[in-house]
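[1] could you work out the structure for the sequence below:
(one chain, ligands or ions: 1)
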Amino acid sequence: MDAETVPSRSNHLRRALAACRGAWSRATHLALDIALPTLCVACREPVDGEGVCAACWAKLSFIEPPYCPRLGIPFVYDPGPDMLSMEAIASPPAYQRARAAVRYDEVARTLVHALKYQDRTDLAPAMGRWMARAGRELLAGADMLIPVPLHWRRAWHRRYNQSGALARVIERQSGVKLRGDILQRARATEQQVGLSRPQRASNVQGAFKVSSERQSEIAGRRLVLIDDVLTSGATTDACARALLRAKAAQVDVLVFARVVDSPKAPI
Ligand SMILES: [Zn+2]
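    Numbering: from 1, shown residues only. This is a model prediction of the structure:
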């Protein structure tokens, strides 16, 4: 063995060892990926498949008829067709009809927050499917899905728009085309959390617009606005107003969860 070959052999050995180590580390990562079960987003118990375990799924409160045909708020009893809730008559929204998959309670809030703030885009397929089911009637006659837009600064921080992620799933489920380029934020708004109802309304007033070159595309069309949560309805109402100003024929609203204070008696 001469002096030349020793370093070269040891280099070779070192490279081979490094390659082995790399392969081993990739294999362990792969094994960990396979071995680590998905955890339920609400209770952190291992779960097969999507997002929520059976126990938490059972805790989700799906909104079923009877409900106000206008606002989608559940009724305590079925008053027969076309009976509106007191809210729908007292302060009718700019949009025509709203539907939600679930009530905004504890498990629903956990799902919404995980999708919105923790990059859990894997939850969107299940949430979007539940929405498509709740909004069947709206989607049947719709021309376009319009996600509620984020201001670009917030979109930059969050990297994606949760309403857009839900709308993509609903597009696949319903065949209604998603258009994320129609409605824009004209200005950044404060977070609606913690604001009173009138403050929420003035916070989003004039916050949305349809650019003039897009107006002809929605004129006379029936649109379904997609959002994650409906609280006071101020954001969806401001969006609907902007779309109707641009001559949309009708705007309906489909959300994952809506706040329901208590079941309402119809009038
Ligand atoms: Zn769970």
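
[2] below-threshold pLDDT in the stretch 1-150 of the chain: ranges please.
    Across the stretch 1-150 of the chain, the ranges flagged by pLDDT under 70 are 1-37, 50.

[3] repeat that with 50
    1-7, 28-34 (pLDDT under 50).

[4] output the set of residues of it in proximity to the ion.
    40, 42-43, 53, 56 (Cβ under 5 Å from the ion). To be clear about C-beta, it is placed using only N, CA and C from the backbone, and glycine gets the same treatment.

[5] export these as JSON lines, with columns for neighbour count and secondary structure.
    Listed next are these as JSON lines, based on neighbours: other Cβ atoms under 10 Å; DSSP: H, G, I helix; E, B strand; the rest coil:
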{"residue": "Cys40", "neighbour count": "20", "secondary structure": "coil"}
{"residue": "Ala42", "neighbour count": "22", "secondary structure": "coil"}
{"residue": "Cys43", "neighbour count": "14", "secondary structure": "coil"}
{"residue": "Cys53", "neighbour count": "21", "secondary structure": "coil"}
{"residue": "Cys56", "neighbour count": "19", "secondary structure": "helix"}
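
[6] farthest-separated two in the residues you listed?
    Ala42 and Cys53 (7.5 Å; Cβ to Cβ).

[7] where exactly do the strands run in the stretch 1-150 of the chain?
    Here the stretch 1-150 of the chain has its strands, by DSSP state E, counting those that start in this stretch, at 38-39, 46-47, 98-103, 144-147.

[8] residues in contact with Ala101?
    Taking Cβ atoms under 8 Å, 6 or more residues apart in numbering, we find Ala101 in contact with 62-63, 127, 130-131, 133-134, 255-257.

[9] tell me the one of those nearest the ion?
    Met127 (14.9 Å; Cβ to the ion).

[10] distance of the closest one relative to Arg222?
    Separation of Met127 from Arg222 (Cβ to Cβ, to the nearest Å) stands at 23 Å.

[11] and those two? Which one has more around it.
    Higher neighbour count among Met127 and Arg222: Met127, with 28 against 17, using other Cβ atoms under 10 Å.

[12] got the contact list for the more buried one?
    By Cβ under 8 Å, 6+ apart, Met127 lies in contact with 51, 101, 111, 115, 166, 169, 256.

[13] make a PyMOL selection of the buried ones in those residues.
    Burial among the contacts of Met127 is assessed by 16 or more other Cβ atoms under 10 Å; the matching PyMOL selection reads:
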select buried, resi 51+101+111+115+166+169+256
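
[14] of the contacts of Met127, which is the nearest to the ion?
    Nearest member of the contacts of Met127 to the ion, counting by Cβ to the ion, is Gly51, at 8.9 Å.

[15] what sits closest to the closest one if chain neighbours are left out?
    Leu123 (4.6 Å; Cβ to Cβ, 6 or more residues apart in numbering).

[16] the one you found reaches Leu115, doesn't it?
    Yes. With contacts counted by Cβ atoms under 8 Å, Leu123 reaches Leu115, the gap being 5.0 Å.

[17] for the stretch 1-150 of the chain, which segments count as helices?
    5-35, 54-59, 86-90, 106-117, 124-134, 136-140 (DSSP state H, counting those that start in this stretch).

[18] packing partners of the second one?
    Read it as helix 54-59. Helices and strands touching helix 54-59, by 3 or more Cβ pairs under 8 Å, 6 or more residues apart in numbering; DSSP states H and E, are helix 106-117.

[19] contact partners of the helix it packs on?
    For helix 106-117, contacts defined as Cβ under 8 Å, 6+ apart pick out 41-42, 51-52, 56, 59-61, 102, 104, 120-121, 123-124, 127, 158, 162, 165-166, 228-229, 256-257.

[20] list the buried residues in that helix.
    107-108, 110-112, 114-116.

[21] next: stretch 164-174.
    Residues of stretch 164-174 classed as buried by neighbour count (16+ other Cβ under 10 Å): 164-171, 173-174.
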